[in-house]
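In: missing the sequence, but the structure's below:
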Ligand code: AMP
């Protein structure tokens, strides 16, 4: 069984995000970029499934400009076997990403497609669900535990009411939640080894997917600055302060 894992390049989660001075987007020049943290968790889980002998190959894929190859190389250094880069200079929205991933799925025929539950840049939380619908296969989103046996996956999901366990037939789409695992650190020898692993680039046009922009971002602005906090001495003072602000 192959496992296909989607890795999106995003502004590193430790970076304080800044809006460009002309309000046209988020500043990425000179900013540390990383694999979306949920995608790193998805990759870690795929690698663990392979290490348990339940998968033969882990393939990482990313959609974007040539710069996403950095994140693919990191994925290869973590332990993925090979990488697929779908090259496009256009901004990729979830439906386009799902359509592109469907093409990769048709080409590779994986047993599991693992994505992050959401990309921390736009927080859409849509691509995995859309891919499952387009592929017409089951989905297990927000996974916090995954067990594979007899062509099925038993997945514990983090839902609003707590935890839910479902069983789905493979092939299927899964998306990772935060508590699924703790991704491994990449070691220097693995970075060297990753340079020799296969990384294929596919042109978006050759896949026959149009990078249609269904959504248009009109302008970006930073949230208003927060006012200073105030320390209170007692619950009574807290209640008075809240009442003064019209919050109680
Ligand atoms: P989203 O629906 O935008 O929150 O993204 C959910 C997940 O889809 C991400 O965590 C990635 O696993 C995957 N994904 C979305 N866009 C891309 C992309 N351009 N390249 C690779 N993976 C992507």
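Out: Sure thing, it's come through. What you see is a predicted model, and the numbers here were worked out from it, not measured in a lab. Numbers count the residues shown, from 1 in each chain.
In: kindly report the residues of this protein close to the ligand.
Out: Residues of the chain lying near the ligand by CB under 6 Å from any ligand atom: 6-8, 36, 38-39, 62-64, 92, 94, 97, 115-116, 118-119, 122, 124-128. From N, CA and C alone the C-beta is placed, and that goes for glycine too.
In: what sits against the nearest residue to residue 179 once chain neighbours are set aside?
Out: Nearest-residue entry for residue 179: residue 144, 4.6 Å, with adjacent residues in sequence omitted and distances by CB to CB, 6 or more residues apart in numbering. Counting by CB atoms under 8 Å, 6 or more residues apart in numbering, residue 144 touches 156, 157, 158, 163, 177, 178, 179, 180.
In: element containing the fourth one, please.
Out: In this case it means residue 163. strand 162-169 (DSSP states H and E).
In: would you map the helices across the protein?
Out: Applying DSSP state H to the chain gives helices spanning 37-51, 68-78, 94-108, 127-135, 188-194, 204-207, 235-244.
In: and which of the contacts of residue 144 is nearest residue 228?
Out: Ranked by distance to residue 228 (CB to CB), the contacts of residue 144 are led by residue 178 at 31.2 Å.
In: quick one, what contacts the closest one?
Out: Taking CB under 8 Å, 6+ apart, we find residue 178 in contact with 37, 38, 41, 144.
In: now do the contacts for the residue nearest the centre of the chain.
Out: Nearest to the mean C-alpha position of the chain, by CA atoms, centre = their mean, lies residue 116 at 3.2 Å. Taking CB under 8 Å, 6+ apart, we find residue 116 in contact with 6, 8, 36, 37, 38, 39, 41, 42, 128, 175, 176.
In: fine, thanks again, bye for now.
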